[in-house]
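Student: Sequence and predicted model, in that order:
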Amino acid sequence: MAAKLIKKTLIIFSLLTATAVCATKQPNVTTTEDTLDLALQKFELAKRNFEIKLAECESKKTSIPPSAFESVNLTKTELKIALFVLHNRAEDACDEEMRGKFLIALSVYRATAKHYNKAATLALPYTEDMLFGHHWRRIEAAAQYLEIDKNQRKILENIPRLQQPFHLFKTLSTLEAR
């Protein structure tokens, strides 16, 4: 028991010492620029991969005919809410891994630039409002979706085409036209 305590104490002491040494060492200009360049490269790669994934998800979108909803007994408003929520779920499932990597690389790039008191210029367009400003609508719709009859939700959730990316507005327009 005492050996474990000593070992843990030594590990903690080593980590604290390493942290203190790293914190007190002033980086030279080359290290700063190399570090920022590496963070920027990782950000740009994650951004490019995310854009490729978005295009891939977009190309997978299908149109859903009104006949797919014949077994569903919902008002038009409820169906619009349900389609919006299921559309978001399908898109998230398609691109969430690359979106997550992009957001992490964006944050790391910003944090690295901030650490070195530099501007993360290429990250400037990606503000919190731009990235997440509309998400309150998604959460609001998800809450409204939960108010829809559970059996009707289950019927919709069992429609395979709604589990894949689909054209939301085309689907809504064809439903309005009928």
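Tutor: Alright, I've got the coordinates. Just so you know, these numbers come straight off a predicted model, no measurement behind them. Numbering: from 1, shown residues only.
Student: quick one: Pro125 is in a strand?
Tutor: No: secondary structure of Pro125, determined by DSSP: H, G, I helix; E, B strand; the rest coil: coil, with no strand assignment.
Student: Per-residue pLDDT of it, please?
Tutor: Here, the pLDDT recorded for Pro125 equals 78.
Student: how far away is it from Val108?
Tutor: Here the criterion is CB to CB, to the nearest Å. By it, Pro125 lies 17 Å from Val108. Yep, even glycine has a C-beta here, placed from its N, CA and C like the rest.
Student: buried set for the longest helix belonging to the chain?
Tutor: With DSSP state H applied, the helix covering the greatest number of residues in the chain is identified as helix 76-115. Using 16 or more other CB atoms under 10 Å as the test for burial, helix 76-115 gives 78-91, 94-95, 98-99, 101-102, 105-106, 108-110, 112-113.
Student: Secondary structure element for Val140, which one?
Tutor: Just to correct that, residue 140 is Glu rather than Val. Using DSSP states H and E, the secondary-structure element containing Glu140 is helix 135-146.
Student: shaky segments in this structure?
Tutor: 1-30, 130 (pLDDT under 70).
Student: quick revisit: helices and strands around the longest helix of the chain, which ones?
Tutor: Packing contacts for helix 76-115, counted by 3 or more CB pairs under 8 Å, 6 or more residues apart in numbering; DSSP states H and E, involve helix 29-59, helix 135-146, helix 150-157, helix 168-177.
Student: so what does the third one touch, helix or strand wise?
Tutor: Translated: helix 150-157. Taking 3+ CB pairs under 8 Å, 6+ apart as the contact definition, the neighbouring helices and strands of helix 150-157 are helix 76-115.
Student: same thing with the second one?
Tutor: Using 3+ CB pairs under 8 Å, 6+ apart as the contact criterion, the neighbours of helix 135-146 among helices and strands are helix 76-115.
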